[in-house]
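Engineer: sequence and computational prediction follow.
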There are 2 protein chains.
Amino acid sequence: MRISINDPADPRLDDVRDLNRSDNRPDLPGGRGLVIAEGPLVVSRLMESRFPVRCLVGFPAKIDAYLAEHEVPAGLPIYEVTRETLAKVAGFDMHRGLLACADRAPAPPVAEILEKARTVVVLEGVGDHENIGSMFRNAAGMGVDAVLFGNGCADPLYRRVVRVSMGHVLRTPFSQLAGTRTTWQRSLDELRDAGFHLVSLTPDAAAAHLADALVDPTGAAYERVAFLVGAEGPGLTEHAMRATDIRARIPMAPGTDSLNLATSAAIAFYERERSLR
Amino acid sequence: MRISINDPADPRLDDVRDLNRSDNRPDLPGGRGLVIAEGPLVVSRLMESRFPVRCLVGFPAKIDAYLAEHEVPAGLPIYEVTRETLAKVAGFDMHRGLLACADRAPAPPVAEILEKARTVVVLEGVGDHENIGSMFRNAAGMGVDAVLFGNGCADPLYRRVVRVSMGHVLRTPFSQLAGTRTTWQRSLDELRDAGFHLVSLTPDAAAAHLADALVDPTGAAYERVAFLVGAEGPGLTEHAMRATDIRARIPMAPGTDSLNLATSAAIAFYERERSLR
């Protein structure tokens, strides 16, 4: 259903109106806005995701190119707009020229996520959208099964997260740990009960070498591993670390700062794969 | 030598004028502009670097805070400006309020860099400033001794690189390989002659596992290792890879994209450290 729209005020374009605040729409169910995918790769990942797609919007040539390679659900509204019209609606020049919008969907329960997972990552206090996006990209790339959110993390469906994650936030399962009204000890009970070996990532020089933290005393890799990662700068709280089985460090050159948190996590995911070789 | 300047047109502030093009100043020797450090951490790294510092510029309170913790060379011009004045001079609101500027300095010869190095990284065609900055941050963090530039790389002293690298580009030695008029084979001769084991990083599934690429057939870590890394997307040219001893891959989940190049490099640097344990 391709429809050409020339009037920037057309309400059918409301899904992509004022994109810089598109993920904060108190007028929508849940008050948290839509899921926005930009560019053909991320749009295709949104189409294949659990999120109910509402529309596809783009320049005619970009829509042609997309439809030549991908299927879309029958009856999906496809709005053709010029670059000028889209710029007026979105609030800035959207040079990529292709967008898809979806409704949010409830996250799967933690228990369901854990059922088949071997490796997960748990975030504490990660408020930076770019870090969360990179974390999802790295988790997907390295075969991590899920991302779980503890207290104080930013919205993983924020537009910038979707973009930086290259759409992987739409594919890799994530969920919120019961956290705000309980202790880290309790929040992690579900993982502990499921047999996860809980590993805190920390720059602390007294912590175990990452390579040693992922194998049991006989040298065998743990069957299930959950990495806890804190925000860049403050890192994990002592409270969170105390609730884990071991503290692991990535060896750093003396006098340097810690790595970016998504980079640290990527190294941990790599070592995890390596321990299972 | 603290001097308060209120006139945005004052020529003493020319070093920080129009900062968005400060690293492209054909009027300066070499035509490539100054080295700009922003914020106290990076400013302190510039002060300790091989680059001759020209001036320190900032809000009075930021200068006070900096001088309370750091020494500066005697006679260094220190210009106090208000936020408004600095915004007018720099061309945007510089909320960090502290800058230092230095002249460029010639890079050390490759031979000198290689003399004491055990691990280096060689970049091919990396034009993205943020990637180069992250690469330096990761190299410094993981104890890599130097960064060498092959063909087609962006300027490592560009302002954004300095910032993203957290100033490590001012500390970690870097140099340009003889490249434009010769072959990769020849460019790498100097490393080969110095005994470096040359490792191409590639997502190619037929390449060796990274962990296997860094040890000789007896399982011992190579004494000296050079990693070749290409741009995100195209990766290394076949030409460059053919000039190396081995192609190494970081295992990736099926159907995912490759990692960010600085992240891939960080994993390679980690594995290198691990091989030397």
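Structural biologist: Sure thing, it's come through.
Engineer: which residues of the stretch 51-200 of chain A fall in strands?
Structural biologist: A:53-58, A:78-80, A:98-102, A:119-124, A:146-149, A:174-176, A:197-201 (DSSP state E, counting those that start in this stretch).
Engineer: remind me, longest helix of chain A?
Structural biologist: helix A:261-275 (DSSP state H).
Engineer: specify the angle between it and strand A:119-124 in degrees.
Structural biologist: With axes from the mean of the first three to the mean of the last three Cα atoms, to 10 degrees defining the directions, helix A:261-275 sits at 160 degrees from strand A:119-124.
Engineer: now check helix A:261-275, is it near chain B?
Structural biologist: Yes. Contact of helix A:261-275 with chain B (Cβ under 8 Å from any Cβ of the partner chain) involves A:262-263, A:266-267, A:270-271, A:273-274. To be clear about C-beta, it is placed using only N, CA and C from the backbone, and glycine gets the same treatment.
Engineer: restricted to buried residues, select those residues in ChimeraX.
Structural biologist: Filtering the residues of helix A:261-275 next to chain B down to the buried ones (16 or more other Cβ atoms under 10 Å in any protein chain shown) takes a single ChimeraX command:
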select /A:262,263,266,267,270,271,273,274
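Engineer: tabulate the residues of helix A:261-275 next to chain B (TSV), appending pLDDT.
Structural biologist: As requested, these are exported to TSV (pLDDT from 0 to 100):
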residue	pLDDT
A:262	95
A:263	96
A:266	97
A:267	98
A:270	98
A:271	98
A:273	97
A:274	96
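Engineer: closest to residue B:153 out of the residues of helix A:261-275 next to chain B?
Structural biologist: residue A:263 (20.5 Å; Cβ to Cβ).
Engineer: which residues does the closest residue to the closest one other than its chain neighbours contact?
Structural biologist: Leaving aside its chain neighbours, residue A:263 sits nearest to residue B:266 (4.9 Å; criterion: Cβ to Cβ, 6 or more residues apart in numbering or on different chains). The contact partners of residue B:266, taken as Cβ atoms under 8 Å, 6 or more residues apart in numbering or on different chains, are A:259, A:263, A:266-267, B:138, B:141-142.
Engineer: tally of neighbours for residue A:69?
Structural biologist: 8 (other Cβ atoms under 10 Å in any protein chain shown).
Engineer: for residue A:19, see how far away it is.
Structural biologist: According to Cβ to Cβ, to the nearest Å, residue A:69 stands 24 Å off from residue A:19.
Engineer: would TSV of the contacts of residue B:266 with distance to residue B:132 be doable?
Structural biologist: Below are these laid out as TSV (distance: Cβ to Cβ, whole Å):
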residue	distance to residue B:132
A:259	16
A:263	15
A:266	18
A:267	20
B:138	11
B:141	15
B:142	16
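Engineer: residue B:187: which of those is nearest?
Structural biologist: Lowest distance from residue B:187 to those (Cβ to Cβ) belongs to residue B:138, with 22.9 Å.
Engineer: could you pull up the contacting residues of that closest one?
Structural biologist: Per Cβ under 8 Å, 6+ apart, neighbours of residue B:138: A:259, A:263, B:144, B:262-263, B:265-266, B:269.
Engineer: and those, which is closest to residue B:251?
Structural biologist: residue B:263 (13.9 Å).
Engineer: that closest one reaches residue A:263, doesn't it?
Structural biologist: Yes. Judged on Cβ atoms under 8 Å, residue B:263 makes contact with residue A:263 at a distance of 5.4 Å.
Engineer: shared neighbours of those two, anything?
Structural biologist: A:134, A:138, B:134, B:138.
Engineer: the third one and residue B:168 touch, don't they?
Structural biologist: Spelled out, that is residue B:134. No. Applying Cβ under 8 Å, one finds residue B:134 not in contact with residue B:168, separated by 9.9 Å.
Engineer: per-domain residue ranges of chain A.
Structural biologist: A:2-102, A:110-275 (automatic domain parsing).
Engineer: how far away is residue A:193 from residue A:111?
Structural biologist: For residue A:193 relative to residue A:111 (Cβ to Cβ), the value is 10 Å.
Engineer: swap that for residue A:233, please
Structural biologist: Applying Cβ to Cβ to residue A:233 and residue A:111 gives a distance of 32 Å.
Engineer: cool, residue A:200 as well?
Structural biologist: Distance from residue A:200 to residue A:111, by Cβ to Cβ: 23 Å.
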